[in-house]
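Undergrad: sequence and computational prediction follow.
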Amino acid sequence: MNTKKSLITLIIAAVMASPLAALAGGIPESVTGLAATAASGDTINLTWDNAKDEDGDPVANYRVYYSVNSVFEAGEGEYDVEIDTTDNTNSYAVENLEAETTYYFSVTAFSTDGIESEEYSFEASAETLSAVIEEVVEEEAPAEEQPAEEGEDVTSPTVESASAPDNKTVKIVFSEAVKLPEILAEASFGIVEQINSNNTLEVVAASLDAEDTEGRTVALETAEQTANVNYIVTAGVAVQDNAGNPIVSGNTDSALFLGSSIAPTVEEVVEEPVEEPVAEETPEPELFEELEPEVDVTAPEDVTNLVASFKEQLDSFYTVMLSWTPSVNTAQDLVDQILYMSTDRGASYDSGKSLGVLASETEVSNLEGGKEYTFKVTTKDDSGNESVGAIRAIRLPSTGAGAAALMLMSAGAAHLGLRRKEK
């Protein structure tokens, strides 16, 4: 069955989104922002944006669909497996998968009344890691686990942060000192774009950062990054602390960083000239080098709590309302906030719109229904440094509730049993 809704199904979805449907519990909004990241040879981690029900309250739980074939590319069919989460946490680790296999995922939301959202989320995919990595870990692991003695370290390391000092380097900071496998250390890490997880960034090499005397930082050499694109880096279970505790797959094994536009620094070797003996001369006054002023390269803190909602205009166009908590602006050098909009799920944004220093909300009008829009709000200081930005995606309905009601009357009530998925 084609995953796109039929006209009648779209009409029903619009009517169900009306205030009358809210009395019966309402239909949750569709899930947005789905991303998939390979964690090991048999596990892929999923994350998505929180969905809300008709009343604006958090949904009860989510349903994860997956298959080795893309339903969206085929334009028909259903996913092979479906799993219901136990709560409304917006992440899930799908386990017991085949190594080196690409899986395709989609997620729906359920209201507290057990009503499922009408549409699948946009599909995300990821390929599980090679089984060779798992074998390396097994060889290094002790043959038999012994009970932890009193005072023994049994806490696994976690990823605290990641950053890109240049466009071919990523530095990952862990919660404690870590060690890397001697073989294929670079295979212990995976990097994908946050918005489009199908776009991967190759990890060329991995080593402990010599500048960190505590041993908590790992430096990755990567292929050239795309500037100002958000990436997710994930550490695999082959990364361990000094007590042998491996990274645990889930929400603590990955971090977000912004692709850099800075080229790596190439150190030039300058040969010192051979000093020739010279006759004694009267010493000249010592010259003092003028110190260059320190350059500010730190952007202001991002805004937080970015929220998006919408209201209907005439002729199936909508206005999106955005609100947020302003940056804490620790350095007191913030000079502007900038709003960017994307219609391709963040792969590219428009040139941006200045919002000024004091704004905490704004509106974007004349947006076409039936499309998903991604918004990003960044902060900028007086040195031109711009933050990574807070991101929020929203999908607008295809038609207004009023127009849908008129179309429903002409279509007849006999089609009220249509649903999105095959039974």
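TA: That came in fine, so what should we check first? Numbering: from 1, shown residues only.

Undergrad: so where's the chain uncertain?
TA: For the chain, residues meeting the criterion pLDDT under 70 lie at 1-25, 132-151, 251, 267-274, 276-280, 282-291, 399-423.

Undergrad: mind running it again at 80?
TA: By pLDDT under 80, the low-scoring segments of the chain are 1-26, 131-151, 197, 249-251, 266-293, 314-316, 398-423.

Undergrad: grab the nearest non-local neighbour of the spatially most central residue of it.
TA: Nearest to the geometric centre of the chain sits Q194, at 3.6 Å (Cα atoms, centre = their mean). Spatially, and ignoring its direct neighbours in sequence, Q194 is nearest to N230 (3.9 Å; Cβ to Cβ, 6 or more residues apart in numbering). (Glycine included, C-beta is placed from N, CA and C.)

Undergrad: mind listing the residues bridging to the one you found?
TA: L258 (DSSP bridges).

Undergrad: would you confirm that the residue nearest to the centre of the chain contacts T374?
TA: No. Here Q194 does not reach T374: they are 10.6 Å apart, not a contact under Cβ atoms under 8 Å.

Undergrad: so what sits against both of those two?
TA: Each of 346, 391 lies in contact with both Q194 and T374 under the rule Cβ atoms under 8 Å, 6 or more residues apart in numbering.

Undergrad: what's the burial count for the nearest residue to D296 once chain neighbours are set aside?
TA: Leaving out its chain neighbours, the residue that sits closest to D296 by Cβ to Cβ, 6+ apart is S383, at 4.2 Å. Using other Cβ atoms under 10 Å, S383 has 13 other residues around it.

Undergrad: would you mind measuring from S383 to T298?
TA: 9 Å (Cβ to Cβ, to the nearest Å).

Undergrad: same deal with E224?
TA: Distance from E224 to T298, by Cβ to Cβ: 24 Å.

Undergrad: what's the answer for G369, then?
TA: 41 Å.

Undergrad: ok, the two, which is more surrounded?
TA: Neighbours per residue, other Cβ under 10 Å: of G369 and T298, the larger number sits with G369, 18 against 12.

Undergrad: got phi/psi on M321?
TA: phi -100, psi 130 (degrees, to the nearest 10).

Undergrad: quick check: bridge partners of it?
TA: S309, E363.

Undergrad: pretty sure it contacts E361?
TA: Yes. M321 is within contact range of E361, at 7.0 Å (criterion: Cβ under 8 Å).

Undergrad: of these two, who's got more company?
TA: Ranked by neighbour count (other Cβ under 10 Å), M321 and E361 place M321 first, with 15 against 10.

Undergrad: tell me, how many residues neighbour Y349?
TA: Counted with other Cβ under 10 Å, Y349 comes out at 20.

Undergrad: just checking, A205 touches V218?
TA: No. Using Cβ under 8 Å, A205 makes no contact with V218, being 10.7 Å away.

Undergrad: more crowded one of these two?
TA: Just comparing A205 and V218: by other Cβ under 10 Å the higher neighbour count belongs to V218, 26 against 10.

Undergrad: which helix or strand contains the more buried one?
TA: strand 217-222 (DSSP states H and E).

Undergrad: mind giving me the packing neighbours of that strand?
TA: For strand 217-222, the helices and strands in contact under the criterion 3 or more Cβ pairs under 8 Å, 6 or more residues apart in numbering; DSSP states H and E are strand 169-174, strand 189-193, strand 203-208.

Undergrad: so can I have a markdown table of those showing distance to Y120?
TA: Below are these laid out as a markdown table (distance: least, Cβ to Cβ, whole Å):
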| stretch | distance to Y120 |
| --- | --- |
| strand 169-174 | 32 |
| strand 189-193 | 20 |
| strand 203-208 | 31 |
